[in-house]
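> One predicted model, sequence on top.
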Amino acid sequence: MEGGPIRAAVMADTHGVLRPEVERILETCDVIIHAGDFDSQMLYHKLDVDQPLYAVRGNNDRGWSGGLATVKRFEIGGVKFIMAHERVDIPSSLKDVQVVIFGHSHMYYQQEINGRLWLNPGSCGYKRFTLPLSLAVMTIEDGNYEVETIWLEKGYGTPGAAKAQMETSKMGKYEKQQRRYKQKAGKAAGGKQAADKEQRDSRRKEAERDSLFMIAKIQRLKKAGETRDWVIRNLGDEYKLAGTVYDICEKKPGLNARQILELIKEQIMSV
């Protein structure tokens, strides 16, 4: 792998499901980190094709998964990792480990403890109860990293919101009716203007996410040695933006996808 930032997709608990939107994200990444419960040998081999795959065995990975470790230590871009499917299997002695990855709960978790990142990317495959589908993308370079949380569902946004949804399901019939009545009254009071703003914001966020995915894909293709002309020809309707992104990557190879997007926005505003 050449020098420069490394994008790592961090995922877990796919349980035999590889969603199209997840595949799009994986295409923008250089490596895949999977914290177990593939639940399907076919899915494991599908992930282990285009990018290096760092994986551990989950409690639902049986038979075929005998070659996978329960606990795995590895290093990417100067960052030292340890990973297990269940948090309880992480050893107490972590030494110089910078990032601890685990899964199993299907709930996203990210916290710095004593200068060390503990990360559960949640589930991006099989949906469990009302927990939101999620994964993470890490940008790694020279021993440093950044983490981006990617929520795959509208209407949740955070695990806290998912818990609130679970509590809602426990309410009695009368309470549910009252809550629905209040929600309708609130929407009526807000009027069409609030609804239109929410829709515009949603479209803007989706467009920004699509742009970030495309920029990251171009970075990966350039890193793999593809020429500017090849990249432009193979990105269809986005050929103009593809050329701009490729040129920025040439001039400023150290920028990540979000920094490139902000630079493009600045260029558009200055015209």
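Received, thanks. Everything quoted here is computed from the prediction, not taken from an experiment.
> Not including adjacent chain positions, what is the nearest residue to residue 221?
Leaving aside its sequence neighbours, residue 221 sits nearest to residue 231 (C-beta to C-beta, 6 or more residues apart in numbering; 5.4 Å). C-betas here are computed from N, CA, C, even on glycine.
> If you tally nearby residues, what's the number for the one you found?
Other residues near residue 231 come to 19 when the count uses other C-beta atoms under 10 Å.
> Next up, the contacts around it.
Counting by C-beta atoms under 8 Å, 6 or more residues apart in numbering, residue 231 touches 218, 221, 222, 242, 246.
> So for it, what pLDDT did the model give?
The model reports residue 231 with a pLDDT of 81.
> before we move on, what about residue 76?
You'll see residue 76 listed with a pLDDT of 97.
> does the nearest residue to it once chain neighbours are set aside count as helix, strand or coil?
Sequence neighbours aside, residue 140 is the residue nearest to residue 76 in space, at 5.5 Å (criterion: C-beta to C-beta, 6+ apart). Under DSSP: H, G, I helix; E, B strand; the rest coil, residue 140 falls in the strand class.
> contacting residues for residue 140?
Contacts for residue 140 (C-beta under 8 Å, 6+ apart) come out as 5, 6, 7, 8, 76, 77, 78, 79.
> Now with 6 Å, please.
The contact partners of residue 140, taken as C-beta atoms under 6 Å, 6 or more residues apart in numbering, are 6, 76, 77, 79.
> what bridges to the first one?
With DSSP bridges applied, the residues forming beta bridges to residue 6 are residue 140.
> Would you check that it makes contact with residue 79?
No. Taking contacts as C-beta atoms under 6 Å, residue 6 lies outside contact range of residue 79: 9.0 Å.
> Counting neighbours, what do you get for residue 199?
By the criterion of other C-beta under 10 Å, residue 199 has 10 neighbours.
> how near is it to residue 209?
According to C-beta to C-beta, to the nearest Å, residue 199 stands 16 Å off from residue 209.
> Same check on residue 27?
14 Å.
> Quick check: the farthest pair among the contacts of residue 231?
Greatest spacing in the contacts of residue 231, by C-beta to C-beta: 222 and 242 (10.5 Å).
> Now intersect the contacts of residue 231 with the helices, please.
Counted as lying in helices by DSSP state H, out of those, are 218, 221, 222, 242, 246.
> Is the closest residue to residue 12 other than its chain neighbours part of a helix or strand, or is it coil?
Spatial nearest neighbour of residue 12, excluding adjacent residues (C-beta to C-beta, 6+ apart): residue 103 at 2.9 Å. When classified by three-state DSSP, residue 103 comes out as coil.
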